[in-house]
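A.B. asks: here is a sequence with its predicted model. Questions after.
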Amino acid sequence: GAAGPAGWEDVLQIVALLQALGSKSAGARQRAALSSVEEVAVPVEALVEAVLSESDPNVAGALRWALAQSGENGPALLAEGLGSPAAEVRRRAVQSIAEIPDSEATALLQEALTHPDFVVRGYAALALGARGAADAVPTLLDMIVEGRNDADAADALSTLASDPVLADQIATGLVDCLTHSTMGSSARRRLTQALADIPGISTSRALADLAHDEDRAVALTATYILKLRNGRSPHSV
């Protein structure tokens, strides 16, 4: 009924696709997800239910793509998954919302930055960073400190740093984290590495200071980055 079939032929196609979405075969589920966009529309409710329970990464990707094409109701339905008691369902929900490019999805991702689940906050921050949202910065910094998807978080910060004002804020945030007395050596090294792709004088000054850091690994990392930024061969480090 939600699909609004125009005739019995549409009804049969929709029923067949709905059955395929629940198939034990991952291949059948993936084909059904793709067909829901290319052939006959499947109710968005069914796609949301399928993506929140899908464990196969390839099928999940196809379902997220289909949801992104559905154009309506998807974000609101997926938002319910963010409140699930199951961590996997919450992760699937935020990943799916992240692939929907509209303003409703962006607003949900911004709300997810305060979610109690760090994984949800992380996926939301990565997606928002790609969309140029400055409010993702604190969570991205936390990800680097914690070592959770830190390379992706550093890439997101680099994207945001294309704005000169944000570049200074990001450099300041990274340096502030480095000065915490409780920060471990590996976290300080990750923070230093994240400075590599942040342009600006603030970053260069921070790296110059870090090149003399008491932690040898941090000092060597900062020295290496400075040589790259100054156009010198890193092999002379």
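C.D. replies: Now that the structure is in, tell me what you want to look at.

A.B. asks: for residue 201, grab the count of nearby residues.
C.D. replies: 10 (other CB atoms under 10 Å). Every residue, glycine included, has its C-beta placed from N, CA and C.

A.B. asks: this protein: helices as residue ranges?
C.D. replies: Under the criterion DSSP state H, helices of the chain are mapped to 8-21, 26-38, 44-53, 57-70, 74-81, 87-98, 103-112, 118-130, 137-146, 150-160, 164-178, 185-194, 201-210, 216-229.

A.B. asks: what lies in contact with the second one?
C.D. replies: If I follow you right, that is helix 26-38. If you take CB atoms under 8 Å, 6 or more residues apart in numbering as the criterion, helix 26-38 is touched by 17, 20-23, 42, 47, 50, 54, 56, 58-59, 62-63, 65-66, 69-70.

A.B. asks: try 10 Å
C.D. replies: 3, 13-14, 16-23, 25, 39, 42-44, 46-47, 50-51, 54-70 (CB atoms under 10 Å, 6 or more residues apart in numbering).

A.B. asks: and the residues you listed, which of them are buried?
C.D. replies: Among the contacts of helix 26-38, those buried by neighbour count (16 or more other CB atoms under 10 Å) are 3, 13-14, 17-18, 20-21, 42-44, 46-47, 50-51, 54, 59-68, 70.

A.B. asks: give the contact list for the residue lying closest to residue 76 once chain neighbours are set aside.
C.D. replies: Excluding the flanking residues, the one nearest residue 76 by CB to CB, 6 or more residues apart in numbering is residue 104, at 7.2 Å. Listed by CB under 10 Å, 6+ apart, the contact partners of residue 104 are 72-76, 79, 97.

A.B. asks: what would these look like in JSON lines with pLDDT?
C.D. replies: Below are the contacts of residue 104 laid out as JSON lines (pLDDT from 0 to 100):
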{"residue": "72", "pLDDT": "73"}
{"residue": "73", "pLDDT": "82"}
{"residue": "74", "pLDDT": "89"}
{"residue": "75", "pLDDT": "93"}
{"residue": "76", "pLDDT": "93"}
{"residue": "79", "pLDDT": "95"}
{"residue": "97", "pLDDT": "97"}
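
A.B. asks: in CSV, list those residues along with neighbour count and distance to residue 214.
C.D. replies: CSV is the format used below for the contacts of residue 104 (neighbours: other CB atoms under 10 Å; distance: CB to CB, whole Å):
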residue, neighbour count, distance to residue 214
72, 10, 57
73, 16, 56
74, 26, 51
75, 23, 48
76, 14, 52
79, 19, 47
97, 29, 43
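
A.B. asks: and those, which is closest to residue 121?
C.D. replies: residue 97 (12.8 Å; CB to CB).

A.B. asks: which residues touch that closest one?
C.D. replies: Per CB under 10 Å, 6+ apart, neighbours of residue 97: 64, 67-68, 74-76, 78-79, 81-82, 104-109, 112, 120, 123-124, 127.

A.B. asks: burial measure for residue 90, as a count.
C.D. replies: Going by other CB under 10 Å, the residues that sit close to residue 90 add up to 22.

A.B. asks: I'd say it and residue 122 touch.
C.D. replies: No. Contact between residue 90 and residue 122 fails when scored by CB atoms under 10 Å: they sit 11.4 Å apart.

A.B. asks: next one: residue 83 from residue 27, what distance?
C.D. replies: Note on residue 83: its distance to residue 27, by CB to CB, to the nearest Å, is 32 Å.

A.B. asks: thank you kindly, that will do.
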